[in-house]
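Visitor: With the input below, show me the fold.
(6 chains)
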Protein chains: 6
Amino acid sequence: MAVSSLVSDEQAQGKVSEIFADIRKTRGTDFINNFWRAIAVDPDLLERTWNELKTVMIAPGEIDPLTKEMIYIGVSVANGCSYCVHSHTAAATAKGMTATMHGELLSVIALAGKTNQLAEGLQVPVDDVFMKE
Amino acid sequence: MAVSSLVSDEQAQGKVSEIFADIRKTRGTDFINNFWRAIAVDPDLLERTWNELKTVMIAPGEIDPLTKEMIYIGVSVANGCSYCVHSHTAAATAKGMTATMHGELLSVIALAGKTNQLAEGLQVPVDDVFMKE
Amino acid sequence: MAVSSLVSDEQAQGKVSEIFADIRKTRGTDFINNFWRAIAVDPDLLERTWNELKTVMIAPGEIDPLTKEMIYIGVSVANGCSYCVHSHTAAATAKGMTATMHGELLSVIALAGKTNQLAEGLQVPVDDVFMKE
Amino acid sequence: MAVSSLVSDEQAQGKVSEIFADIRKTRGTDFINNFWRAIAVDPDLLERTWNELKTVMIAPGEIDPLTKEMIYIGVSVANGCSYCVHSHTAAATAKGMTATMHGELLSVIALAGKTNQLAEGLQVPVDDVFMKE
Amino acid sequence: MAVSSLVSDEQAQGKVSEIFADIRKTRGTDFINNFWRAIAVDPDLLERTWNELKTVMIAPGEIDPLTKEMIYIGVSVANGCSYCVHSHTAAATAKGMTATMHGELLSVIALAGKTNQLAEGLQVPVDDVFMKE
Amino acid sequence: MAVSSLVSDEQAQGKVSEIFADIRKTRGTDFINNFWRAIAVDPDLLERTWNELKTVMIAPGEIDPLTKEMIYIGVSVANGCSYCVHSHTAAATAKGMTATMHGELLSVIALAGKTNQLAEGLQVPVDDVFMKE
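Guide: Sure, this is the predicted structure:
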């Protein structure tokens, strides 16, 4: 289905091979999902994207990792990215999202999708109190 | 800017007046933002939407209210709803989102937007392990 | 706000002037809205777009003109096109959309926006009976 | 393909079982499509969504049921919801959409998609006459 | 997967048959991809769309054909059109897009997707110097 | 209009001040547009985004800078990012985009937007020859 080939472990060389090793080490698993094998067609793109993901999603911050995954799912659903919905729902589940939380997450996303359309459909003017500049 | 008139307190009657009162009581403030005044052009739509928001965003659940607001922002950004980004950023701030959390939230949304495009641009096939059926 | 200038009647020449005349004649009004003045920066684009609009929206067919306007609004809301929501809500109103119909239209759009997110969020597999090939 | 399991008739209990029965009774068919089986993972979400659909799409109003389905398709196409395009095209066909109407519907959606991009690409300022507030 | 049947060569008649012949002649290949066979369900829609594509993508202009294909891919990725990403990536490759260019194209699309979300998430006000009207 | 304050030169400190200096030096102008002043609320996000932009848009590659800007515009239009359409249309013009090229660019974006909707509306199955895996 991909528009270009996925890079296998055998094909990975130089920078790609190093990033694949870092993905395995950082995540503590031998499994590398297709997303990384696909963007590996451009080693610099792979490196930039993986480094950004490590900084944004894995490094400690004020928002906990599970919350970040649920925000990620919300964005991916709204952008209609099938692959990302699959992979990040799996990631959220691995980080402790329960079935009840999944239902609540979907309910929030559904409500946001609905009210987004209503605000757009009525072209509601932004209240003054919501603006900083 | 709106495509129809906003319903003022003076114009609110019957069901609309009751919902406006419930919004004020539930939120503990006299302020009613434009979104509700806009969808009040259809009293049943107003009632359904407010009741859903109370159930999904306000009633207790496993996901805390601030996390729900941040997910809401993520969806609204991806859907390009200017009004909703404004109103829910204000709501998240009121519920305790710090400047640092706001930066982290934007970083997650930006990364998701980027990887959504990459997965879509390469049409990455979903890994078998991510599928339930 | 536009990224290029709007073409005034004084600036309109040749093909642009002819299309402006046809818009006025076809619609029976001297008013030409900004959309046509903006795309007039490329006379061929103006011509192609106006001809397609006449064929699709104005020429008789099995779907009546008001229904077409409401479908147009639905698409424009989902695509987040502020200008188009404004102009086609005005057009639908001019063609007989009542306040009640507007409320129903918004309710359908809102429900579709909500279920679109749910189907995407759960990656619901398409039922066999819905597929033709 | 789904990110969570579909709820079979055997697994349906309590509220889910009641809603499934109401879907069958309301539609006059034993068939329940995957969308409802998917969102049944959260019984309250299932109940809210089904009740909203009954109110918005099935209860009598000023817009006829077939027109509502065509608006729904327009929104779903623009939101890129593959499942919804499939299911609502089937629903519209069942309610009388002819092949000619389908072609006209697609022509309107295509034109809207095109002009949405043009208005966005040129950032056309909204004409004063189109604004209510 | 389609919601309506694809028109085979045997089923093509009249205007559809003529357009199919023109597609083959213009492209210098016997192969007609599914997109044209799908929209052929409405012969006028087929004719309008093919003529527009010939004018916009094939007729000589100031932007070269390969650049046009890459722009097309960018729009299609952002709109989440899986079919279009597949077909236009193939078209761009046929017109000389190298693997390096593909990586650069994806990098630009990914960066745009990211900054689009940031500008939307912060609701950045447009600088005066960027506005023409 | 922004949901948070823009960082002025007076407020810029440490990393933000350094990045502002690099933007000025790299672009050879004292002007810093609002986008950078807005994301400066998170200095690390500012640094990552600016560095990525320098690498992707400014560093030499196989795709020339003007083509990259036009691709950027295409993505931004489809994502509905008003700010980005304004800023990158200005950037493309500064890099040599003529009025004729602007018209052609809009024509390609409009056609893509139209065919994206058609492929989605008909759920056209991807031809085997377009798939690599």
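Visitor: CA only for contacts and neighbour counts going forward, please
Guide: Will do.
Visitor: Isn't residue A:97 up against residue A:67?
Guide: No - between residue A:97 and residue A:67 there is no contact under C-alpha atoms under 8 Å: 9.2 Å.
Visitor: Just checking the distance from the longest helix anywhere in chain A to the centre of its chain.
Guide: Secondary structure of chain A per DSSP state H: the longest helix is helix A:99-122. Counting by C-alpha atoms, centre = their mean, to the nearest Å, helix A:99-122 is centred 18 Å from the centre of its parent chain.
Visitor: and that helix, anywhere near chain D?
Guide: Yes - against chain D, helix A:99-122 shows contacts by C-alpha under 8 Å from any C-alpha of the partner chain at A:99, A:100, A:103, A:107.
Visitor: Could you pull out the buried residues of that helix?
Guide: Using 16 or more other C-alpha atoms under 10 Å in any protein chain shown as the test for burial, helix A:99-122 gives A:101-122.
Visitor: likewise stretch A:76-92?
Guide: So for stretch A:76-92, counting by 16+ other C-alpha under 10 Å, buried means A:76-92.
Visitor: surely residue A:130 meets residue B:84?
Guide: No - between residue A:130 and residue B:84 there is no contact, the gap being 10.2 Å when judged by C-alpha under 8 Å.
Visitor: show me the contacts for the closest residue to residue A:120 other than its chain neighbours.
Guide: Closest residue in space to residue A:120, ignoring its immediate chain neighbours: residue C:77 at 5.8 Å, by C-alpha to C-alpha, 6 or more residues apart in numbering or on different chains. Counting by C-alpha atoms under 8 Å, 6 or more residues apart in numbering or on different chains, residue C:77 touches A:117, A:120, A:121, C:85, D:75.
Visitor: sorry, back to before: go back to the residues of helix A:99-122 next to chain D and keep what's next to chain B.
Guide: Counting by C-alpha under 8 Å from any C-alpha, A:100, A:107 from the residues of helix A:99-122 next to chain D sit close to chain B.
Visitor: export the residues of helix A:99-122 next to chain D to CSV and tack on pLDDT and distance to residue F:15?
Guide: Shown next, in CSV, are the residues of helix A:99-122 next to chain D (pLDDT from 0 to 100; distance: C-alpha to C-alpha, whole Å):
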residue, pLDDT, distance to residue F:15
A:99, 96, 42
A:100, 97, 42
A:103, 97, 41
A:107, 98, 40
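Visitor: Let me have the residues of helix A:99-122 next to chain D in TSV, extended by distance to chain E.
Guide: What follows is the residues of helix A:99-122 next to chain D, written out as TSV (distance: C-alpha to the nearest C-alpha, whole Å):
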residue	distance to chain E
A:99	28
A:100	28
A:103	25
A:107	21
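Visitor: farthest pair in the residues of helix A:99-122 next to chain D?
Guide: Farthest pair in these (C-alpha to C-alpha) is A:99 and A:107. Separation: 12.4 Å.
Visitor: what does stretch A:122-133 contact?
Guide: Identification of contacts with stretch A:122-133 by C-alpha under 8 Å, 6+ apart yields B:1-4, B:33-35, B:38-39, B:83, B:86-87, B:90, C:82, C:85-86, F:1-6.
Visitor: domains of chain A?
Guide: A:1-59, A:62-125 (automatic domain parsing).
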